[in-house]
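What follows is a predicted protein model with its sequence.
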Amino acid sequence: MPTVNMNVNGEAVSGEVESRTLLVQFLRETLRLTGTHVGCDTSQCGACVVHVNGVSAKSCTMLAVQCEGADVTTIEGLADGDALHPMQEAFRDNHGLQCGFCTPGMIMSALDLANRNSAPSEQEVRDWLEGNICRCTGYHNIVKSIMAGARAMAAGQGG
Amino acid sequence: MPKDGIGASVKRKEDYRFITGQGAYTDDIDRPGQTYAVFVRSPHAHARIASVDTSAAAAMPGVVKILTGADYAADGLGGLPCGWQVTGKDGPMVEPPHPPLAADRVRHVGDQLAVVIANSAAEARDAAEAVAVEYEPLAAAASIDAALSPGAPQVHDEAPGNLCYDWELGDKADVDAAFAGAHHVTRVELVNNRLVPNAMEPRAAVAEYDRATREYTLYTTSQNPHVIRLLMGAFVLQLPEHRLRVVAPDVGGGFGSKIFHYAEEAILTWAAGKVARPIKWTAERAESFVTDAHGRDHVTVAELALDADGKFLGLKVDTRANMGAYLSTFAPCVPTYLYATLLAGQYTTPKIWCGVQAVFTHTVPVDAYRGAGRPEATFVVERIVETAAHEMGIDPAELRRRNFVPPDAFPYQTPVALVYDSGDYEGTLAAALADADYNGFAARRTEAEARGKLRGIGLSAYIEACGIAPSAVVGSLGARAGLYECGEVRVHPTGSVTFFTGTHSHGQGHETTFAQIIAERLGVDIDAVEVVHGDTSKIPFGMGTYGSRSLAVGGSALSRALDKVETKAKRIAAHLMEASEADIEFADGQFTVAGTDKSVGFGDVALTAYVPHNYPIEELEPGLDETAYYDPANFTFPAGCHVCEVEIDPDTGAVEIVNFAASDDFGNVINPMIVEGQVHGGIVQGVGQALLEGCVYGDDGQLATGSYMDYTMPRADDVPSFTVSTRTTPCPHNPLGAKGCGEAGAIAAPAAVMNAVHHALASRGVSRIDMPATPARVWQALNA
Ligand code: FES
Ligand code: FES
């Protein structure tokens, strides 16, 4: 079985995987980072979104071996100790989650948007979320959360 | 009032673990020595199983055990039970056996007939593919029409003509007489499209057996673990409750689909006893599509009789409802007791008749999905009322006003068995119309026309029966269980509180809402309260979460348990302050003696209860831990009005929701932020039903919409933001005055959207369009 090496949430990790092992399986099963979820089998729902080398990627649609040498960030890697990331705070403050299952993917996806666009409009947020499905919130509060989170991130960097 | 008490939009206590990736959903659980299960499922809608050969699969790497329908039958265990009985015109419903693993016949695509257990999920999957099943395919009846046609393939030998029951409510002759005097009769034909619930967390289970204690544990994605324990223990596997623990940990959405007792739960538990290692099963999404109970699937013809002033004289509703291949746990009650009884809507319609034929088909079982029967009823009532208004040239809002049950008429006995508790239908209508700027619609339509767009506005004044349910009433209706709720308030020696509830939270925020009630009542800090749910080994009992019942019934159990805590704490406080119990007052966490400055804090009383050195020990037991069971006196009746405005592009048929306003009466509200979130989510499920979602089976019973590539889930760019508000008439018969809010959006929205779509298309001569009103359908209707 091939061995794969990558940086996950700032730590060097390695593990034996089958060539068919998906990145999400490696994260959930080998590393026991279960914050990244699997909601579908057709790359549609975005519950599995992580960052690979700083941009959002569906970890159900990448092989673990494709990430050899990559920097991977998962939802577990966002908070700095007890200090939540501003996007995490924004989801809590704006009731951007209900069951929480889509939430890690939503937050990771939102971060990528905020990194590209520090003040996205409602329509820009809605368009960006094309690849993320939520069955609970009706998106209303997710959109609010992401707009607020992006603003908070920009303010944090500015100040 | 404490700042985190009743009525405050407290940020949710549960969110921290979810936003940091620390939620513990069933698939996140790994047990030592765990194996993995993959089910072998029928690719045919209907077939005889000629043979199942597991020999090649059993020899594959990592395979631990393969069990088939024959093995299950050999153990002499039970089938999956149905929780409700409906008695039709010709006697009790037909209730065919539902084996958890099929042995001789499969009845829908996805029907399971064997399970492969292996050391890894990949090995289990590989071996499952190597199980050689010889099928003799049989003709299938994949729709209501096909199943009811003469000579149709039979789903069950026990159900001739595929009829489960033929049921009616009301006196048809009486209603016919009302129609005889009508000035106008409006008739509609409606399809309530079949939906797939699609909670984002796929169903999953982990089962294990402890040889030392002979105890079974099942972790499962359930909305009601005690119900699963009861059904699976008593009826399927014959395991006593004291040796069966069912845990529903964090659950990623349910919407009804995780109420039911599913075959996989029983098979995993049964198999865990045989392999003596933990077994995990997690559905793939494709598997969810063909095994999670679906929702809706009605075909209806309805007629409304009106007098010259637009007063409703009578309503006749004839519905055929798809049950799928087997009766799921709640299925028979959905198109009957949760449907026909709501056909009065918000109106004084004096005479109502409803007939329902429930039909078996070679499709996935159909059961409760967010709203369960009540969305179907609202769709009938609100589509026909709006249609009648347009036919008679009366403004749809005005026609509704002329027929509303007036605010002073409560309690109001409808002709279809229910007694409405309270409401102000004109109030929610007026609020929704104001928020939607109903009066400005004509100008907006003119402006849209100038841009080449068709604009329409539609109303939906819905009502639902929630807070399920008074046990005696539902017992007389055929429920095989009581529908009370249980709560235990355990005050700890230092005054912090753990609340154990029989309801289950899978997104609703109980850990916050219930904590707010406790903070308010006991004057403790909300962070000193922990809410525990979902584990039969911790909670005395519970009927779970569905039917918007958690606050109205579970919250009432909490309220009653708090009453008991307060009563006992007052006696302790009276002893401490050497006063008479009758003089003790309790507010903001302080016990005081009326007319004096004596006081003692709740924490001191709690400590005294557990360190009873100075204590009325001869009259009072130590401890401060109280349990209450609450059986509601009546259903609750949330109601309101949703107004939807759409714009249709006639060139593409695309429908855009340009405005959506909702005014809802949920009784007293504990956390407005959470309530609004529930409404948003429900509206989008309703919009999904109206415009996007639809489960399509081919005539051969193959599911054509079996993935997110084919089944259109609402996405963020399909919907706008919403204007939602609440108006309150408290529920008069439960201690919190709460009615429930979980389903309103999904109940109200489909009719509001479709009324708007029909309104927009009317100017182009389109009179009927079925849900989902996809661009293709709209374009075809415009170009017919
Ligand atoms: S799990 Fe659905 S897109 Fe990755
Ligand atoms: S919060 Fe449940 S799926 Fe999004």
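Yep, it's here. Ligands and ions are numbered 1, 2, ... in the order given.

mean confidence for the top helix by length along chain B?
Counting residues, the longest helix found in chain B (DSSP state H) is helix B:556-576. For helix B:556-576, mean pLDDT rounds to 97.

Check which helices and strands it is in contact with.
strand B:485-491, strand B:497-501, helix B:510-522, strand B:584-587, strand B:590-593, helix B:602-610, strand B:625-630 (3 or more C-beta pairs under 8 Å, 6 or more residues apart in numbering or on different chains; DSSP states H and E). For glycine as for every other residue, the C-beta is placed from the backbone atoms N, C-alpha and C.

what's the last one packed up against?
Based on contacts counted as 3+ C-beta pairs under 8 Å, 6+ apart, the elements that strand B:625-630 packs against are strand B:485-491, helix B:556-576.

ok, the shortest one: who's next to it in the sheet?
It refers to strand B:485-491. Using DSSP bridges, strand B:485-491 pairs in its sheet with strand B:497-501 (antiparallel), strand B:625-630 (antiparallel).

so where's the chain shaky on pLDDT?
Chain wasn't specified; assuming chain A. Along chain A, the model assigns pLDDT under 70 to residues A:158-159.

meant chain B actually
For chain B, residues meeting the criterion pLDDT under 70 lie at B:1-2.

which stretches of chain A form strands?
Under the criterion DSSP state E, chain A contains strands at A:3-8, A:11-16, A:49-52, A:55-58, A:71-73.

Contacts (any at all) between chain B and the second one?
No. With C-beta under 8 Å from any C-beta of the partner chain as the threshold, strand A:11-16 lies outside contact range of chain B, at a closest distance of 12.6 Å.

and of the strands of chain A, who's closest to ligand 1?
For ligand 1, the closest of those is strand A:55-58, at 4.4 Å, according to C-beta to the nearest ligand atom.

Spit out the contact partners of the residue of the stretch 101-250 of chain B found nearest ligand 1.
Residue nearest to ligand 1 within the stretch 101-250 of chain B: B:M200 (8.9 Å; C-beta to the nearest ligand atom). The contact partners of B:M200, by C-beta atoms under 8 Å, 6 or more residues apart in numbering or on different chains, come to A:37, A:39, A:45, A:47, A:99, A:101-102, A:133-136, B:252-253.

With B:V696 instead?
If a contact means C-beta under 8 Å, 6+ apart, then B:V696 has B:L703, B:A704, B:T705, B:D710 as its contacts.

Over to B:T729?
B:T729 touches B:P407, B:S422, B:G423, B:D424, B:D665, B:G667, counting by C-beta under 8 Å, 6+ apart.

Which one of these is nearest to B:V529?
Closest approach between those and B:V529, by C-beta to C-beta: B:G667, at 22.6 Å.

so what's the closest one closest to, chain neighbours aside?
Once flanking residues are discounted, B:G667 sits nearest to B:K739: 3.5 Å by C-beta to C-beta, 6 or more residues apart in numbering or on different chains.

so how many other residues sit close to residue 11?
I went with chain A, as the question did not name one. Per other C-beta atoms under 10 Å in any protein chain shown, the neighbour tally for A:E11 reads 9.

wrong one, chain B
Neighbour tally, B:K11, other C-beta under 10 Å: 17.

And B:A442, by the same measure?
With other C-beta under 10 Å as criterion, B:A442 counts 11.

Then B:S149?
For B:S149, using other C-beta under 10 Å, the count is 13.

Next up, the contacts around it.
Neighbouring residues of B:S149 by C-beta under 8 Å, 6+ apart: B:A141.

swap the cut-off to 6 Å and go again
Residues near B:S149 by C-beta atoms under 6 Å, 6 or more residues apart in numbering or on different chains: none.

So it versus B:P160, what's the distance?
Applying C-beta to C-beta, to the nearest Å, the value for B:S149 to B:P160 is 14 Å.

before we move on, what about B:V236?
B:V236 sits 27 Å away from B:P160, going by C-beta to C-beta.

likewise B:R243?
Using C-beta to C-beta, one obtains 41 Å as the distance from B:R243 to B:P160.

before we move on, what about B:A552?
Noted for B:A552: a distance of 41 Å to B:P160, by C-beta to C-beta.

more neighbours, the two?
B:A552 (30 against 9).

closest one to B:Y438 among the helices and strands packed on helix B:556-576?
Nearest of the helices and strands packed on helix B:556-576 to B:Y438, taken as C-beta to C-beta: helix B:510-522 at 32.8 Å.

could you dump the longest helix along chain A to CSV, C-alpha only?
The longest helix of chain A (DSSP H) is helix A:140-158. Presented in CSV, the C-alpha positions along helix A:140-158 are these (Å, rounded to 0.1, in the frame of the first residue of the first chain):
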residue,chain,number,x,y,z
HIS,A,140,-30.9,32.8,4.9
ASN,A,141,-28.7,32.8,8.0
ILE,A,142,-25.8,31.1,6.2
VAL,A,143,-25.7,34.0,3.8
LYS,A,144,-25.9,36.5,6.7
SER,A,145,-23.1,34.6,8.5
ILE,A,146,-20.8,34.6,5.6
MET,A,147,-21.3,38.3,4.8
ALA,A,148,-20.6,39.1,8.5
GLY,A,149,-17.7,36.7,8.7
ALA,A,150,-16.0,38.2,5.7
ARG,A,151,-16.4,41.7,7.1
ALA,A,152,-15.0,40.6,10.5
MET,A,153,-12.0,39.0,8.8
ALA,A,154,-11.3,42.1,6.8
ALA,A,155,-11.7,44.3,9.9
GLY,A,156,-9.3,42.0,11.8
GLN,A,157,-6.7,42.2,9.1
GLY,A,158,-7.1,46.0,8.8
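
That one close to chain B?
Yes. Contact between helix A:140-158 and chain B, assessed by C-beta under 6 Å from any C-beta of the partner chain, occurs at A:H140, A:N141.

Would you mark the buried spots in that helix?
By 16 or more other C-beta atoms under 10 Å in any protein chain shown, the buried positions in helix A:140-158 come out as A:140-153.

quick one: that helix near ligand 2?
No. Under the criterion of C-beta under 6 Å from any ligand atom, ligand 2 is not reached by helix A:140-158; the shortest gap measures 7.5 Å.

where's that helix relative to the chain centroid, distance-wise?
15 Å (C-alpha atoms, centre = their mean, to the nearest Å).

Same question for stretch B:649-665.
That offset, for stretch B:649-665, works out to 25 Å (C-alpha atoms, centre = their mean).
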